[in-house]
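Asks: Take this sequence and fold it.
(chains A and B)
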There are 2 protein chains.
Amino acid sequence: MSIIREKLDQAISLLNEQTLDCWVTFVRETSAVHDPALDLLLGFGLTWDSALIITRGGAKIAIAGRFDASNIRELGVYDEVIAYDQGIATHLRERLSRLNPSTIALNYSLSDPGSDGLTFGMYARLSQMLAGTPFASSFVSAEPIARRLRERKTPTEVERIRRVTQITQQVYADLFAASVRGMSEKQIHVLAGELIAQHGCDFGWERVNDPIVNAGPNSSIGHGIPGDLTVEPGQLLHIDMGLRLDGYCSDLQRMAYVRRDSDDAVPTEVTRAWRACWDALEAGRAALKPGALAWQVDAAARAELVRQGYPEYMHAFGHHVGMNAHDGGSVLGPRWERYGDLPNKPVEEANVFALELGTMVDAVGYIGIEETVLVTSSGAEYISTPQRELVVL
Amino acid sequence: MSIIREKLDQAISLLNEQTLDCWVTFVRETSAVHDPALDLLLGFGLTWDSALIITRGGAKIAIAGRFDASNIRELGVYDEVIAYDQGIATHLRERLSRLNPSTIALNYSLSDPGSDGLTFGMYARLSQMLAGTPFASSFVSAEPIARRLRERKTPTEVERIRRVTQITQQVYADLFAASVRGMSEKQIHVLAGELIAQHGCDFGWERVNDPIVNAGPNSSIGHGIPGDLTVEPGQLLHIDMGLRLDGYCSDLQRMAYVRRDSDDAVPTEVTRAWRACWDALEAGRAALKPGALAWQVDAAARAELVRQGYPEYMHAFGHHVGMNAHDGGSVLGPRWERYGDLPNKPVEEANVFALELGTMVDAVGYIGIEETVLVTSSGAEYISTPQRELVVL
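Replies: The predicted structure is shown next:
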């Protein structure tokens, strides 16, 4: 069964679970502005005003410009595909009148980017088209369904994430097997791009900082664009890379220590920090189970790192991974303004999270660890093969 | 000078020209929902609530999460880059208070997708953050600046479009030189993908239908996804392909006729239709000059095709090409509902348009032509090398 068919069935279940009548995804020129819900509901782009209508009763209706409608028909998952030439408004009004929903869920959300694909202009356009009908005052946020539809992975989705994660590990293995000593961040970035292409994958986020490469202590940590710093003995090499394959993404960080001739082993301050990061990650993973609130999972990891004498990381501990490396939805993070309401959501079974945290080792470089886990009924199991030991170059 | 610096200078001129005080691009998680204005104002993505503030007086201020701020600083075009950890609201209120603009232009537009990157959720979030300040009631649409900023190409932009267009023509030459007779649409689609990669380019739109390949009369015209139909003698092969290089796109259609053993020449009904399409395209191009209204250009092309006895094409004659294959902004199209107000805009110097139209030849296939032109002070000159004759395979 195709992913789209699976997700549409799941969407209808969610409309019933959340007692919403009707979900309307209203888009245009999605190559310019892409509504993330389209990935779940269609799998390709649309050009003119288009509406995907899904109801609690199981109706699946698409209205689109003539040149897009044929692709929707080919997909074979919408029961009714209406093609228009000049404008969508009359078709939309007519179809909604027939369905007569008491609520219309639209893709907007204060907190969740993945449920917020409706632009302000398209909202205004829809309001204009439905002016004078009862529907213009029946809009509600589709977040309760759009967010869960993305968060609750089907078995097919979990398999795709597992596969792209495994390939990412292979790319890392190839990369560390190459002679990266003395290479610049930019050179490693280029090499990684070649390896990703060789493995038939796309980039998981913008190429410009995928992978992020940090050579040593002077590199810009976070979402930095690789620069001219080179990988030097006695320093850490930190890489954060995401791949995309069959519509699903990976997001993994990997670490290497570059040996000096004088080194008998990895310096103590590095292994001590590495161990503390791993203890914190495992503390967070232990708290990650269905029903836990997202912020509680972050708090468990954060507390362990601080307990061992390291500063708090200034980001969230975990985010969903799926059709995007940052897949929207709940955030395993502190209740900071920037995360809105997302840290207050409960963890659910079949969620897939990237868990990440790190710390700076003075004069040596940044330690960052990031692994991928699947939430099961009893806890969180690894999808990635955890990097328990530093690679020594 | 970098494109971003050029476009920021242009943006400040436009704020003055359009007498708007301040332009705020407010985004988050742009890997999930991408505001097209970011391509013009930054060139890479942002993660948490971020604001790019540009004023009529020439201020260029960025406020972003700590892990993104370093990339903005590296770019070196914003005078002030403010990094935050927990939330943007206080920084945003403070900075706006200091600037004290009487209007704040936001990225929303009923008609123009390229000026409509602000989501409804982000609009609501911004309104919340500015509640109780005079700024919450000073929002206006940034379309007058965002649209023109995209439409008016700088010389650097024109050169990039020219280069990617030339490479696209080379890919077409390679493709037609390969033995595509008997190949399926899907096989040609795969081969084109390999050639595009060999030329170091990316796809101009979603890979799934880039290129669009139509083999013969039974293929789905428009935005169809390539299928299993094969290129047969006595039929037309129609391809619509876009490439991306250095952030700029091409969008070109090319045509071949597949010779039968019995053919002395291309059949008359094909050459007649080909000629009519070309006459119509040239009639439209003749009408394309600064000050013409966009719909008038379409009307000139449309009328010529109809005059020669062919049906109207059910789309617009022309669209901007630039950072996207469909670059938003004014539309050289009929005043149909789906195009909103965009056909009423005047053509301007330094606009770059794809001009396209076509017709069906019964039992033979679709003829589509699409070329790229630059509007100069006196008219429209070709950027592409026009395909005046059908390729015969």
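Asks: Could you find the closest non-adjacent residue to whatever residue of the stretch 151-300 of chain A ends up closest to chain B?
Replies: Per Cβ to the nearest Cβ, A:Gly222 is where the stretch 151-300 of chain A lies closest to chain B, at 2.6 Å. C-betas here are computed from N, CA, C, even on glycine. Excluding its sequence neighbours, the residue lying closest to A:Gly222 (Cβ to Cβ, 6 or more residues apart in numbering or on different chains) is B:Phe67, at 2.6 Å.
Asks: To which secondary structure element is the one you found assigned?
Replies: Taking DSSP states H and E as the criterion, B:Phe67 maps to helix B:66-75.
Asks: Go through that helix and flag the buried ones.
Replies: B:Arg66, B:Phe67, B:Asp68, B:Ala69, B:Ser70, B:Asn71, B:Ile72, B:Arg73, B:Leu75 (16 or more other Cβ atoms under 10 Å in any protein chain shown).
Asks: now stretch A:241-251
Replies: The neighbour-count check on stretch A:241-251 (16+ other Cβ under 10 Å) flags A:Met241, A:Gly242, A:Leu243, A:Arg244, A:Leu245, A:Tyr248, A:Cys249, A:Ser250, A:Asp251 as buried.
Asks: With stretch A:5-14 instead?
Replies: By neighbour count on 16+ other Cβ under 10 Å, the buried set for stretch A:5-14 is A:Glu6, A:Lys7, A:Leu8, A:Gln10, A:Ala11, A:Ile12, A:Ser13, A:Leu14.
Asks: helices or strands next to the strand or helix carrying the third one in the packing?
Replies: Translated: A:Leu8. Element membership of A:Leu8 [criterion: DSSP H and E] is helix A:3-17. Counting contacts by 3 or more Cβ pairs under 8 Å, 6 or more residues apart in numbering or on different chains; DSSP states H and E, helix A:3-17 is packed against strand A:22-27, helix A:37-41, strand A:50-55, helix A:143-151, helix A:155-177.
Asks: just the ones you listed: most buried one?
Replies: Mean neighbour count (mean count of other Cβ atoms under 10 Å in any protein chain shown) peaks for strand A:22-27 among those, with a mean of 26.
Asks: re earlier: lowest pLDDT pick from the buried residues of helix B:66-75?
Replies: Lowest pLDDT within those is found at B:Phe67 (85).
Asks: I'd like the distance from that one to A:Glu356, if you could.
Replies: Relative to A:Glu356, B:Phe67 is positioned 12 Å away (Cβ to Cβ, to the nearest Å).
Asks: Overlap in contacts, those two.
Replies: Common contacts of B:Phe67 and A:Glu356 (Cβ atoms under 8 Å, 6 or more residues apart in numbering or on different chains): A:His315.
Asks: what residues go with each domain of chain A?
Replies: Listed by automatic domain parsing, the domain ranges of chain A are A:3-151, A:155-392.
Asks: Now distance to B:Cys201 too, for the ones you listed, in JSON lines please.
Replies: Formatted as JSON lines, the domains of chain A follow (distance: least, Cβ to Cβ, whole Å):
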{"stretch": "domain A:3-151", "distance to B:Cys201": "16"}
{"stretch": "domain A:155-392", "distance to B:Cys201": "13"}
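Asks: Tell me if I'm right that A:Val171 and A:His199 touch.
Replies: Yes - contact criterion Cβ atoms under 8 Å: A:Val171 and A:His199 qualify, at 5.9 Å.
Asks: Need the overlap of contacts for the two.
Replies: A:Leu243.
Asks: So what's the gap between the helix or strand of chain A with the lowest mean pLDDT and the chain middle?
Replies: None of the helices or strands of chain A scores lower by mean pLDDT, DSSP states H and E than strand A:202-203, at a mean of 88. Relative to its chain's centre, strand A:202-203 lies at 14 Å (Cα atoms, centre = their mean, to the nearest Å).
Asks: What helices and strands are in contact with it?
Replies: helix A:185-198, strand A:243-245.
Asks: Is any residue of the helix or strand just after the shortest one near chain B?
Replies: This means strand A:243-245. Note on strand A:243-245: by DSSP H and E, the next helix or strand toward the C-terminus is strand A:248-249. No - remark: strand A:248-249 sits outside contact range of chain B, by Cβ under 8 Å from any Cβ of the partner chain, the gap being at least 9.5 Å.
Asks: CA-only coordinates of the helix or strand just after strand A:248-249 in PDB, if you can.
Replies: Next along the chain after strand A:248-249, taking DSSP H and E as the criterion, comes strand A:252-257. C-alpha atoms of strand A:252-257 as PDB (Å, rounded to 0.1, in the frame of the first residue of the first chain):
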ATOM      1  CA  LEU A 252      22.700  12.000  12.800                       C
ATOM      2  CA  GLN A 253      25.700  13.600  14.400                       C
ATOM      3  CA  ARG A 254      29.000  11.700  14.500                       C
ATOM      4  CA  MET A 255      32.400  12.500  16.200                       C
ATOM      5  CA  ALA A 256      36.000  11.900  15.700                       C
ATOM      6  CA  TYR A 257      39.100  12.700  17.700                       C
END
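Asks: Run a quick neighbour tally on the closest residue to A:Gly291 other than its chain neighbours.
Replies: The shortest distance from A:Gly291 to any non-neighbouring residue, by Cβ to Cβ, 6+ apart, is to A:Pro346 (5.6 Å). Applying other Cβ atoms under 10 Å in any protein chain shown, we find 12 other residues in the vicinity of A:Pro346.
Asks: go on, A:Ser262?
Replies: Count around A:Ser262 with other Cβ under 10 Å applied: 7.
Asks: same question, A:Gly43
Replies: 18.
Asks: Could you verify that it is part of a helix?
Replies: No - using DSSP: H, G, I helix; E, B strand; the rest coil, the assignment for A:Gly43 is coil, not a helix.
Asks: show me the contacts for it.
Replies: By Cβ under 8 Å, 6+ apart, the contact set of A:Gly43 is A:Ile3, A:Ile4, A:Leu75, A:Gly247, B:Val208.
Asks: do you know how far it is from A:Val81?
Replies: Taking Cβ to Cβ as the measure, A:Gly43 falls 15 Å from A:Val81.
Asks: Kindly report the same for A:Gln10.
Replies: Going from A:Gln10 to A:Val81 by Cβ to Cβ gives 21 Å.
Asks: Could you tell me which residues of the stretch 251-393 of chain A lie near chain B?
Replies: Counting by Cβ under 8 Å from any Cβ, the residues of the stretch 251-393 of chain A lying close to chain B are A:Met314, A:His315, A:Asn324, A:Ala325, A:His326, A:Asp327, A:Gly328, A:Trp336, A:Glu337, A:Arg338, A:Gly340.
Asks: pretty sure the third one contacts B:Ala32?
Replies: Yes - the pair A:Asn324 / B:Ala32 is scored as a contact, 5.6 Å apart, by Cβ under 8 Å.
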